[in-house]
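>>> Predicted coordinates and the sequence they were generated for:
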Amino acid sequence: MAEVDESNKPLFAGLSDVSISEDIPVEGEISVPVNSQNPDDEFSTLDEPVKDTILRDLRAVGKKFVHVMYPKKSSALLRDWDLWGPLLLCVTLALMLQGGSADSKDDGNPQFAEVFVIIWFGSIVITLNSKLLGGTISFFQSLCVLGYCILPLTVAMLLCRLLLMMTPEKANNAFELIGFILRVVVVTASFSWSTYASTAFLADSQPANRKALVVYPIFLFYFVIGWMILTFATSS
Amino acid sequence: MANPDFHLQFQDFESDEGLLGSSREVTEVSIDDPVGKSQKQRRVPGGAAQDEDTDSLGNDDTTQLLSGQKKSAPFWTFAYYQTFFDIDTYQVKDRILGSMLPWPGKNFVRLYIRSNPDLYGPFWICATLVFAIAISGNMSSFLSHQGSPNHTYVPDFGKVTIAATTIYSYAWLVPLALWGFLTWRNNKVMNAVSYSFLEIVCVYGYSLFIYIPAVVLWIIPSEGLRWCSIMVALCLSGSVLVMTFWPAIRDDQPRIAIAMILSLMALHTLLAVGCKVYFFSSGSSINHVVTQTEVIETADPTRAH
């Protein structure tokens, strides 16, 4: 290596001689692209109160909730993903689906772990499926969208529990039937809302001749979650 | 069950001297030699064969058509698995229809899969079938208990787990066993057709599709309708399976060939009948037995008195 350096030196020396000997004023402006400093940049997070940090994250999550509720093909959900919202929704849904007591044997409601695994494993499989089919969306963006789009179903679960609580213990059949029909309507509406919202966000990243292949697993995923919500029964 | 149409096609390939070597190799490519695949079937984007393969330009097109492999990558990369999902919507539709409509003399693998086996269909058909079984099993038990006043309906989530275990192990283990058997027989007796493991998985996955509408029909609490739909589904998908695998075993000893086909049908029947018995009538039949014994017990003292 040393020999190579030595053999190169005269070459560079000659070059520098040439450039300097011409007596050209070596001046110029080096323009370094400097980012314009935003006042509300991430720069100042070190000395801000913890409350502000948490509130800022919560506000970002809330903004994405609004995007799910009004799916307008905007890419805000895709641009900066986070998994806080999906975690929050998933835990809420699983806790509400838990039913009364975890120990009772005849309680066939899905356990917390089962709901948790179905939601996360399901969205991972759907994401892998869309990647394998040639989708251009990144892994965590897809997870984020699928997780946030559970929001309508979580709302439906809340409504269903309220409906079940309002139904008296020994209600007559007609009352029960009306309650059941109401729950079917709520769950169907939220299921189609979830599917529509996630399709609006995800379908554009696919080749046109494979859209149906990507949308079908999403449909199945939300359908199964909707079924778990619909058949939820409080153990007496 | 002899398949003259298919046989004739193969003869056609054999008569073509230039293709003999390459097509022979290509049809026997199986999943477990990705290295061999990468050497033989690399596709150059321009369409001309520029690698060390000896294929001429004209041959290359035919080889591509026969092999159907677009590209190959080592198995640890993501692109390798993308080749199993390289499928369009219309192809999936065609394969599903082909798995339901047996046509005498048509080979499902050669007609629809053409050595481009996908895993999309088998995976999602199995997933759909699992949830269809669990959901309609729950609904049928709900309907059968609806009349009884002191029964509160509770969903049985455990059915999902059991159905998933059954369906996925059927869809993977039976093809694995079949593939092993066919490979073993191929060593002893040279068969005209040999299938790769993925092709067998693909055939089995698509052949399960017909059970999805059948399972949805089972919600209706009528035993006659259930058995009827089982028979229809079994005949349709079973005959597709038999017609697909018969050419692969035809040249073997007749005793072994018939035994293999019979065991294929027996396993297929076992799956359908097992699902029907376990998920759709166990609750009601147990209840039936219980009420009968109760009736007997309550009847006995009165008789004694």
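Okay, I see it.
>>> Run the chain-centre distance for the strand or helix carrying A:I229.
Per DSSP states H and E: A:I229 is located in helix A:211-230. Chain-centre distance of helix A:211-230: 16 Å, with C-alpha atoms, centre = their mean, to the nearest Å.
>>> So for it, mean pLDDT?
Averaging pLDDT along helix A:211-230 yields 91.
>>> Tell me where the stretch 151-300 of chain B is predicted with low confidence.
Within the stretch 151-300 of chain B, the ranges that satisfy pLDDT under 70 run B:151-154, B:281-300.
>>> residues from chain B in reach of chain A?
B:78, B:81-82, B:84-85, B:87-90, B:92, B:120, B:123-124, B:127-128, B:131, B:135, B:138, B:152-158 (C-beta under 8 Å from any C-beta of the partner chain). From N, CA and C alone the C-beta is placed, and that goes for glycine too.
>>> on that earlier part again, for the helix holding A:I229, name the packing helices and strands.
helix A:84-97, helix A:112-132, helix A:151-166, helix A:173-202, helix B:89-100, helix B:120-144 (3 or more C-beta pairs under 8 Å, 6 or more residues apart in numbering or on different chains; DSSP states H and E).
>>> Select only the buried ones of the residues of chain B next to chain A in ChimeraX?
Of these, the buried ones can be selected in ChimeraX as follows, counting by 16 or more other C-beta atoms under 10 Å in any protein chain shown:
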select /B:82,84,85,87,88,89,92,120,123,124,127,128,131,135,138,154,155,156,157
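>>> Return the most buried member of the helices and strands packed on helix A:211-230.
Mean neighbour count (mean count of other C-beta atoms under 10 Å in any protein chain shown) peaks for helix B:120-144 among the helices and strands packed on helix A:211-230, with a mean of 21.
>>> and the next helix or strand after it with helix A:112-132, angle?
Downstream of helix B:120-144, the first helix or strand assigned by DSSP H and E is helix B:158-188. Counting by axes from the mean of the first three to the mean of the last three C-alpha atoms, to 10 degrees, helix B:158-188 lies at 50 degrees to helix A:112-132.
>>> Buried residues of helix B:158-188, list them for me.
In helix B:158-188, counting by 16+ other C-beta under 10 Å, buried: B:159-160, B:162-164, B:166-168, B:170-172, B:174-175, B:178-179, B:182, B:185-186.
>>> Surely B:K106 is in contact with B:M243?
Yes - the pair B:K106 / B:M243 is scored as a contact, 7.1 Å apart, by C-beta atoms under 8 Å.
>>> The two: which is more packed in?
For B:K106 versus B:M243, neighbours defined as other C-beta atoms under 10 Å in any protein chain shown are more numerous around B:M243 (20 against 17).
>>> what's the strand or helix carrying the more buried one packed up against?
In this assignment (DSSP H and E), B:M243 forms part of helix B:223-249. Helices and strands touching helix B:223-249, as assessed by 3+ C-beta pairs under 8 Å, 6+ apart, comprise helix B:89-100, helix B:108, helix B:158-188, helix B:197-207, helix B:211-217, helix B:254-275.
>>> Let me know which of those is the nearest to A:L83.
Minimum separation from A:L83 across the helices and strands packed on helix B:223-249 (C-beta to C-beta) falls at helix B:158-188, 25.1 Å.
>>> angle of that closest one against helix A:211-230?
Relative orientation of helix B:158-188 versus helix A:211-230 (the same axes, to 10 degrees): 140 degrees.
>>> wait, which of the helices and strands packed on helix B:223-249 is closest to A:A94?
Of all the helices and strands packed on helix B:223-249, helix B:158-188 comes closest under C-beta to C-beta, at 15.1 Å.
>>> What is that closest one packed up against?
Against helix B:158-188 (3+ C-beta pairs under 8 Å, 6+ apart) you get helix B:120-144, helix B:197-207, helix B:223-249, helix B:254-275.
>>> And for whatever residue of the stretch 1-150 of chain B ends up closest to chain A, nearest residue in space, chain neighbours not counted?
Closest residue of the stretch 1-150 of chain B to chain A, C-beta to the nearest C-beta: B:F85 (3.9 Å). Among residues not flanking B:F85 along the chain, A:L132 sits closest, at 3.9 Å (C-beta to C-beta, 6 or more residues apart in numbering or on different chains).
>>> For the residue nearest to the spatial centre of chain A, what is the enclosing helix or strand?
Among the residues of chain A, A:C144 comes closest to the average C-alpha position under C-alpha atoms, centre = their mean, at 1.3 Å. Using DSSP H and E, A:C144 falls within helix A:139-148.
>>> Now do that helix against helix A:84-97, angle only.
Following the same axes, to 10 degrees, one obtains 40 degrees for the angle between helix A:139-148 and helix A:84-97.
>>> Show me which positions of helix A:139-148 end up buried.
Neighbour-count burial for helix A:139-148, counted by 16+ other C-beta under 10 Å, picks out A:141-148.
>>> in the helix holding B:M243, what's buried?
B:226, B:229-230, B:233-234, B:236-249.
>>> hang on, the earlier thing: go through the helices and strands packed on helix A:211-230 and name the closest to B:V201.
helix B:120-144 (5.7 Å).
>>> Averaged pLDDT, the closest one. What do you get?
89.
>>> Which neighbouring elements make contact with it?
Counting by 3+ C-beta pairs under 8 Å, 6+ apart, helix B:120-144 packs on helix A:112-132, helix A:211-230, helix B:89-100, helix B:158-188, helix B:197-207, helix B:211-217, helix B:282-304.
>>> quick check: angle from the helix holding A:C144 to helix A:173-202?
Going by the same axes, to 10 degrees, helix A:139-148 makes 160 degrees with helix A:173-202.
>>> anything in helix A:139-148 near chain B?
No - judged by C-beta under 8 Å from any C-beta, helix A:139-148 stays clear of chain B, getting no closer than 10.5 Å.
>>> Other residues contacting that helix?
A:64-65, A:67-68, A:77-78, A:81-83, A:85-87, A:89-90, A:119, A:123-124, A:126-127, A:130-131, A:135, A:198, A:201-202, A:218, A:221 (C-beta atoms under 8 Å, 6 or more residues apart in numbering or on different chains).
>>> what's the closest of the buried residues of helix A:139-148 to A:L97?
Of the buried residues of helix A:139-148, the one sitting nearest to A:L97 (C-beta to C-beta) turns out to be A:G147, at 16.1 Å.
>>> Return the per-residue confidence for the closest one.
So, for A:G147, pLDDT stands at 91.
>>> Domain ranges for chain B, per the record?
Following automatic domain parsing, one gets these domains for chain B: B:4-86, B:113-292.
>>> which residues touch the residue of the stretch 1-150 of chain B closest to chain A?
Applying C-beta under 8 Å, 6+ apart, we find B:F85 in contact with A:129, A:132-134, B:118-120.
>>> ok, it to A:A197 distance?
Separation of B:F85 from A:A197 (C-beta to C-beta, to the nearest Å) stands at 25 Å.
>>> what do you get for B:G238?
With the distance defined as C-beta to C-beta, B:G238 ends up 42 Å from A:A197.
>>> ditto for B:F108
38 Å.
>>> Likewise for B:P155?
In terms of C-beta to C-beta, B:P155 sits 26 Å off from A:A197.
>>> same check, this time on B:V242
45 Å.
>>> now do B:V216
For B:V216, the distance to A:A197 - C-beta to C-beta - is 27 Å.
>>> same question, B:V92
For B:V92, the distance to A:A197 - C-beta to C-beta - is 25 Å.
>>> just A:L230 next, same as before
19 Å.
>>> Run through the residues that contact the nearest residue to B:Y168 once chain neighbours are set aside.
Leaving out its chain neighbours, the residue that sits closest to B:Y168 by C-beta to C-beta, 6+ apart is B:C126, at 5.7 Å. With contact set as C-beta under 8 Å, 6+ apart, B:C126 has these partners: B:167-168, B:171, B:205, B:208.
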